[in-house]
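**Student:** build the 3D model from these lines:
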Amino acid sequence: MSNYRKVAVLFLAVAFLLTLPGCAGKPTKANFEKIENGMSFAKVKSILGAPDETKEGSGGLLDVTAGGKICTWKTADDETLTVTFDKDDKVVAKAGF
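**Tutor:** Residues are numbered from 1 along each chain as shown. From the prediction side, this is the model:
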């Protein structure tokens, strides 16, 4: 196999691997509607992808979740989706759309 061909194959493999994180999930209305109370953070992440921002600890709304976290996602239309998790990483509330 020529060096040119090896480089081309390597480039295509890397390009393919870089697209995989986008396959994990997208913050769309249809995907957001799949989120239910009691769902784990891992499941939500598999549906919406990694959150754009995560706030952990106590204070404000997080006092209600006793040490949980609030995660936000931005959609392609610049909508903000918010999912609140309790200390056990289970969904307790969501807001958006």
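**Student:** flag the shaky bits of the protein, pLDDT-wise.
**Tutor:** Along the chain, the model assigns pLDDT under 70 to residues 1, 3-4, 6-24, 58-66.
**Student:** the same query, at a cut-off of 80, please.
**Tutor:** For the chain, the stretches with pLDDT under 80 are 1-25, 57-67.
**Student:** tell me where it has strands.
**Tutor:** Per DSSP state E, the chain carries strands over the ranges 53-56, 69-74, 80-85, 91-95.
**Student:** those strands: which one's closest to residue 38?
**Tutor:** Residue 38 lies closest to strand 91-95 among the strands of the chain, at 6.3 Å (Cβ to Cβ). Bear in mind the C-beta positions are built from the backbone N, C-alpha and C, glycine included.
**Student:** tell me, how many residues neighbour residue 70?
**Tutor:** Residue 70: 20 surrounding residues under other Cβ atoms under 10 Å.
**Student:** now residue 75
**Tutor:** 17.
**Student:** now the one 10 residues further on
**Tutor:** Number of residues near residue 85 (other Cβ under 10 Å) recorded here: 23.
**Student:** report the beta-bridge partners for it.
**Tutor:** Note on residue 85: beta-bridge partners by DSSP bridges are residue 69, residue 91.
**Student:** tell me who's in contact with it.
**Tutor:** Shown in contact with residue 85 (Cβ atoms under 8 Å, 6 or more residues apart in numbering): 41, 44, 65, 68, 69, 70, 71, 91, 92.
**Student:** closest one of these to residue 32?
**Tutor:** Of all the contacts of residue 85, residue 32 sits closest to residue 44, with 9.7 Å by Cβ to Cβ.
**Student:** touching, the closest one and residue 91? I think so.
**Tutor:** Yes. Contact criterion Cβ atoms under 8 Å: residue 44 and residue 91 qualify, at 6.4 Å.
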